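Asks: Got a predicted structure plus its sequence, pasted below:
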Amino acid sequence: MLKINNLHVKLEEEDKRILKGVDLEVPAGSVHAIMGPNGSGKSTLSYVLSGRDGYEVIEGNATLEGEDLLEMEPEERAAAGLFLAFQYPVEIPGVGNMTFLRTAVNAQRKARGEEEMSAADFLKFIRAKAKELKIDAEMLKRPVNVGFSGGEKKRNEILQMAMLEPKMCILDETDSGLDVDAMKLVSDGVNALRDQGRAFLVITHYQRLLDHIKPDVVHIMADGRIVKSGGPELALEVETNGYADILAEMEVEA
Amino acid sequence: MNTATKQATAVISAEARPVSGAWAQDARADAARRLAQMGLPTRRDEYWKWTRPDSLIAAVPDAAAVFDYEGEPPVFHQIDRLTIVFVDGVFDATASDDLSGEGIEIERLADATAADIHWAKDLYGVLEARGQNPVARPLAAYNTAMATDGVVIRVTGEVSRPVSLFYRHEDATSDAVLHHVIRLEEGAKLTLLENGAAAARFSKVCEVDVADGAEFHHIRAQGRDHERQAITHMFARLGVESVFKSFTMTVNGRLTRNECVIEFLGDDATAHVAGAALGDGADGAFHHDDTVFITHDAVASESRQVFKKVLKNGAKGVFQGKILVKPDAQKTDGYQKSQSLLLDDDASFQAKPELEIYADDVICSHGSTSGAIDEEALFYLRSRGVPAHIATDLLVLAFLADAIDEIEDDTIAAEINDRLDAWLARHRG
Ligand SMILES: Nc1ncnc2c1ncn2[C@@H]1O[C@H](COP(=O)(O)OP(=O)(O)O)[C@@H](O)[C@H]1O
Ligand SMILES: [Mg+2]
């Protein structure tokens, strides 16, 4: 599904390299997790994949089902099936959550040559999805993320994911700031979407989330690279010992 | 003698002024004297620093191409209303509806001014004259002296459908000077719609007297003709517990200056003035100026100014808004917001927000900002699959929402929203 090959990225404005040769392959039907210390480049990777301005790719490439992601506009990547649940969802005063979602759903359908969803169908669809995530009607009417609590913002991200039914879902610290109940809701939302045609890349600091969303592979990212990959037990190791051991081990190897 | 002085002198000569009955003759002569005293505006005047008056006072207006609607219905034409049509500033009886209705009396200005006595005598040029202090508005005095047409409306009850003034522009060189007088008697209620470019150059004064408990709603769209120029004045006087609400949409025009002068004389009254202006300099110069002066001279009155401008390709926006709170106007609640969204580096916005407060128990605030599209929000929308141009339009409409919210009627607000949306669709990229 997603293939990243020797990706090097620097900031556009400064001479600062953030990603220093990321290699990663996430096949359809799988869940991969990325863990790693703060500042190791996890969010940068997710932003570069979704097409945010401000970064310059200096080497390497990234493809989604064989298509060159880095050549596409952000909206084209979305239409191709990429979705990023933001670590910090953006507030948009004056744009209703419902209007936003309907515009997004229909824009993607249009881009794929499908017919737009009728207002009635859309309403039915969103109500069902919102109910599963315990998002009330009032939250749908409010401007996008404005006045939402941290947990509401994260649930709103998962609602968008559920509505847009992407193929490749990247979740950037969707668990941070969530209490146990909200974590369960979010994980259930993610698990409901798991299927053979879809892949997940879950960025997290905590084993907790990975108890709910069982990953097939866990990667450790440090200083702009994937330094170690392994099974779910790697997450447990991080949980008990922190990153120090793994990083020290890498130093030794290097 | 330069053109400005020549023109002022011409106005002062009684022969140049439209023939009227005795009372109106006097009102026009008074206005001419006021004008002579003030002189025409120059760029040295404090409130004309950012807007050049030259083309507004030139002896002959610049020609303005007439917009071809090509089947597009003008704004408000799908709303049930009583229509009064002016073509290049001349009342068109055939195109207009029958000027009678329940709770309302409408006359042509010329008929009212021809009469020996008329109630309009207490308002025509009177509110305009009150509004000359402390800031001179010479072009309003010019209008009072020279207006050739207009309507005089007296409202005694709740009028069932809006009265719509439709200003057709047909002649590329027309120079129209219209003056309306509106009196809402106690407890009366009226919605006034105005739309159309009116003329190549349009001068309009509207004097509105809102008596105790009366409600006046005004929604205006200034037409599709891009080359037109307009100078408009609204003078309003508010009684106890009265309501005045005015919204203007401007999406075209080489030069537009809309002045609004409101005086609170009765306690517990409310006045809201709002505007949404969208300008694209790629169509030729676009300059839009909102100049507002609100005087609180009563207790517990509320005023709101909400002006939003979206500017690109060298379009220019100006806002000059003042709230004056007189010593006895306690419990005044005055609020002023003027914001512009600059879609590129060529667009510019200048603002002069002013508060002058002589009472101690008041809440007054103002905020003036100008900024670009929020890139974070834009990326967020695009990352959900919304194409950049649609995402931008959504953010622009969101920016304008506060101003549009000032329109109370949902159908009219939706109509305005559609027009703004259509403008955005025409001006992408
Ligand atoms: N726009 C930016 N401007 C300056 N520094 C940035 C920017 N984006 C990322 N960085 C820097 O890049 C590094 C990686 O950041 P980030 O990708 O957010 O890490 P993570 O998500 O793993 O915590 C950090 O040192 C961060 O400060
Ligand atoms: Mg991060």
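Replies: Done, it's in. Ligands and ions are numbered 1, 2, ... in the order given.
Asks: Look at A:Ala162 and give its secondary structure.
Replies: In three-state terms, and counting by DSSP: H, G, I helix; E, B strand; the rest coil, A:Ala162 is helix.
Asks: For the residue lying closest to it once chain neighbours are set aside, give me the backbone phi and psi.
Replies: Distances taken as Cβ to Cβ, 6 or more residues apart in numbering or on different chains place A:Lys129 nearest to A:Ala162, at 4.6 Å, with adjacent residues excluded. (Glycine included, C-beta is placed from N, CA and C.) Torsion angles at A:Lys129 (phi, psi; degrees, to the nearest 10) stand at phi -70, psi -40.
Asks: What's the local residue count around the residue in the stretch 1-150 of chain A that ligand 2 sits nearest to?
Replies: Closest contact between the stretch 1-150 of chain A and ligand 2, by Cβ to the ion, is at A:Ser43 (3.2 Å). For A:Ser43, the neighbour count with other Cβ atoms under 10 Å in any protein chain shown is 19.
Asks: do you know how far it is from A:Arg52?
Replies: Remark: distance between A:Ser43 and A:Arg52 (Cβ to Cβ, to the nearest Å) = 10 Å.
Asks: swap in B:Leu127?
Replies: 55 Å.
Asks: For those two, indicate the residue with more neighbours.
Replies: Set B:Leu127 next to A:Arg52 and count neighbours by other Cβ under 10 Å: B:Leu127 wins out with 24 against 19.
Asks: show me the residues around the more buried one that make contact.
Replies: When contacts are counted by Cβ atoms under 8 Å, 6 or more residues apart in numbering or on different chains, B:Leu127 touches B:207-209, B:235-237.
Asks: If we use 6 Å, what do you get?
Replies: B:Leu127 makes contact with B:207, B:235, B:237, according to Cβ atoms under 6 Å, 6 or more residues apart in numbering or on different chains.
Asks: cool, B:Ile219 as well?
Replies: With contact taken as Cβ under 6 Å, 6+ apart, B:Ile219 is in contact with B:193, B:247, B:407, B:412.
Asks: Report pLDDT for it.
Replies: Reading off the per-residue confidence, B:Ile219 sits at a pLDDT of 98.
Asks: Assumed it was part of a strand.
Replies: Yes: read with three-state DSSP, B:Ile219 is one of the residues of a strand.
Asks: circling back: tally of neighbours for the residue nearest to A:Ala162?
Replies: 19.
Asks: so how far is ligand 1 from it?
Replies: With distances defined as Cβ to the nearest ligand atom, to the nearest Å, the gap from A:Lys129 to ligand 1 amounts to 28 Å.
Asks: Tell me who's in contact with that residue.
Replies: With contacts defined as Cβ under 6 Å, 6+ apart, A:Lys129 is in contact with A:159, A:162-163.
Asks: for those residues, which one is nearest A:Met183?
Replies: A:Met183 lies nearest to A:Leu159 out of these, by Cβ to Cβ, at 15.6 Å.
Asks: in which helix or strand would I find the closest one?
Replies: Using DSSP states H and E, the element containing A:Leu159 is helix A:150-164.
Asks: For whatever residue of chain A ends up closest to chain B, what is the enclosing helix or strand?
Replies: In chain A, no residue comes nearer to chain B than A:Gly94, which is 2.7 Å away by Cβ to the nearest Cβ. Following DSSP H and E, one finds A:Gly94 within strand A:92-96.
Asks: So which bits of that strand are buried?
Replies: Taking 16 or more other Cβ atoms under 10 Å in any protein chain shown as the basis for neighbour counts, the residues of strand A:92-96 that come out buried are A:92-96.
Asks: Kindly report the same for stretch A:58-74.
Replies: Of the residues in stretch A:58-74, A:60, A:62-64, A:69-70, A:72, A:74 count as buried by neighbour count, 16+ other Cβ under 10 Å.
Asks: Say whether chain B is contacted by that stretch.
Replies: Yes: using Cβ under 6 Å from any Cβ of the partner chain, a contact is recorded between stretch A:58-74 and chain B, made by A:Pro74.
Asks: for that stretch, the distance to its chain's centre please.
Replies: Taking the mean of its C-alpha atoms, stretch A:58-74 sits 16 Å from the chain's own mean (Cα atoms, centre = their mean, to the nearest Å).
Asks: looking at chain A, which helix or strand is least sure?
Replies: Among the helices and strands of chain A, helix A:244-253 carries the lowest confidence by mean pLDDT, DSSP states H and E, at a mean of 71.
Asks: Kindly format the C-alpha coordinates of that one as CSV.
Replies: Presented in CSV, the C-alpha positions along helix A:244-253 are these (Å, rounded to 0.1, in the frame of the first residue of the first chain):
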residue,chain,number,x,y,z
ALA,A,244,17.5,4.6,25.9
ASP,A,245,18.4,0.9,25.5
ILE,A,246,17.4,0.7,21.9
LEU,A,247,19.2,3.9,21.0
ALA,A,248,22.3,2.8,22.9
GLU,A,249,22.2,-0.5,21.1
MET,A,250,22.1,1.5,17.8
GLU,A,251,25.0,3.6,18.8
VAL,A,252,27.0,0.5,19.4
GLU,A,253,26.1,-0.9,16.0
